[in-house]
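> I need the structure of the sequence given here:
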Amino acid sequence: MTTTTTRSTSTDGTQFIAAVPARPLGLVRHSLVMARRSLIKTMRTPEQLLDVTLQPIIFIVLFVYLLGGAIAGSRHDYMQFLLPALMVQNVLFASAPTGVSLNTDIKTGVFDRFRSLPIGRSAPLIGGVLGDMIRFVVSIVVMIGFGYILGFRIGTSWPETIAGCLLVMFMAFCFSWMFVLLGMIVREPGAVQGLGFVIMFPLTFGTNVLVPTNTLPGWLQAWVKVNPVADAMQAARGLMVGGGPVFEPVVKTLIWSVAILLVFAPLAVRAYRRKA
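Residues are numbered from 1 along each chain as shown. Prediction:
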């Protein structure tokens with residue numbers, strides 16, 4: 001039988017450790033409770049969702065009406081090309097605040113209280129990531145809904161479109177662990193946010209999000225071909241509007257996502273345990 005270690009401090013300052021038997025699937029249950037806490041915190045401060053509600057609208061209007069006529073000759077055609085890739089970009093940007101939120105909880109002492117509870121050490125991290133997935137859902141709904149108002153239309157089927165959205169959400173979930181690790185090792189929430197933008201800008205803008213790959217200079221085409229975000233954008237286009245390859249970019253996106261998860265999730269949990 002596995003146990004969960006709980007560290008407590010008596011009134012005279014003496015620390016003692018108690019071992020509490022772990023229940024089956026305890027980590028899953030504890031993580032879901034922490035996810036519910038994160039979700040409630042977000043719902044009580046809805047201004048945290050401004051970046052996933054206003055930013056997609058601003059990006060669609062800005063890029064479609066600024067670049068649509070010049071690049072595609074038709075704003076509607078450019079909307080069909082742009083929106084799936086822009087959805088990938090915005091959902092990945094929405095994963096960055098997860099690390100900021102966890103870093104804030106650490107600085108305010110909330111995680112010290114979690115460590116005194118008989119729960120899995122990684123439960124607060126897993127719960128925080130799962131709770132913040134509501135941001136991905138809101139970003140996708142706003143993006144597709146506002147796109148429809150401006151003329152975007154799905155060119156495949158709703159099951160394929162939903163599959164594309166789930167693929168993007170899974171990739172963002174995996175990317176979130178990069179920012180969880182940053183939240184564990186960086187001292188200030190502002191620094192986590194700043195480093196997050198430094199990481200995400202070349203990954204999301206150094207792609208074919210705005211223009212086709214063959215119009216880019218050679219060195220940038222080479223970067224796009226190895227950029228996992230570019231594969232995700234191509235997969236989203238194929239699943240949502242059709243007319244392009246689907247199987248290969250979907251497989252590459254899944255492989256990249258799983259690889260990122262397997263690397264950064266253990267590192268984030270290890271960094272959190274060292275803080276304990």
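
> And the helices in the stretch 151-276 of the chain, which stretches?
158-185, 189-205, 218-226, 228-240, 247-275 (DSSP state H, counting those that start in this stretch).

> Could you list the low-pLDDT ranges of the stretch 1-150 of the chain?
Applying pLDDT under 70 to the stretch 1-150 of the chain flags residues 1-24.

> Give me the below-cutoff pLDDT ranges for the stretch 151-276 of the chain.
Using pLDDT under 70, the stretch 151-276 of the chain drops low at 275-276.

> sorry, back to before: winner for burial among the helices of the stretch 151-276 of the chain?
When these are scored by mean count of other C-beta atoms under 10 Å, the highest mean neighbour count falls to helix 228-240 (a mean of 26). For glycine as for every other residue, the C-beta is placed from the backbone atoms N, C-alpha and C.

> what's the angle from that one to helix 247-275?
130 degrees (axes from the mean of the first three to the mean of the last three C-alpha atoms, to 10 degrees).

> and helix 228-240, what other elements does it pack with?
Applying 3 or more C-beta pairs under 8 Å, 6 or more residues apart in numbering; DSSP states H and E, one finds that helix 228-240 contacts helix 75-93, helix 158-185, helix 189-205, helix 247-275.

> want to throw those into CSV with distance to residue 47?
Below are the helices and strands packed on helix 228-240 laid out as CSV (distance: least, C-beta to C-beta, whole Å):
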stretch, distance to residue 47
helix 75-93, 17
helix 158-185, 20
helix 189-205, 15
helix 247-275, 26
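
> for these, which one sits closest to residue 40?
The closest of the helices and strands packed on helix 228-240 to residue 40 is helix 158-185. By C-beta to C-beta, the value is 18.8 Å.

> list the helices and strands the closest one packs on?
helix 75-93, helix 97-107, helix 123-131, helix 133-150, helix 189-205, helix 228-240, helix 247-275.

> circling back to that earlier point, any chance of the helices of the stretch 151-276 of the chain in CSV, plus distance to residue 90?
CSV is the format used below for the helices of the stretch 151-276 of the chain (distance: least, C-beta to C-beta, whole Å):
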stretch, distance to residue 90
helix 158-185, 9
helix 189-205, 9
helix 218-226, 19
helix 228-240, 11
helix 247-275, 16
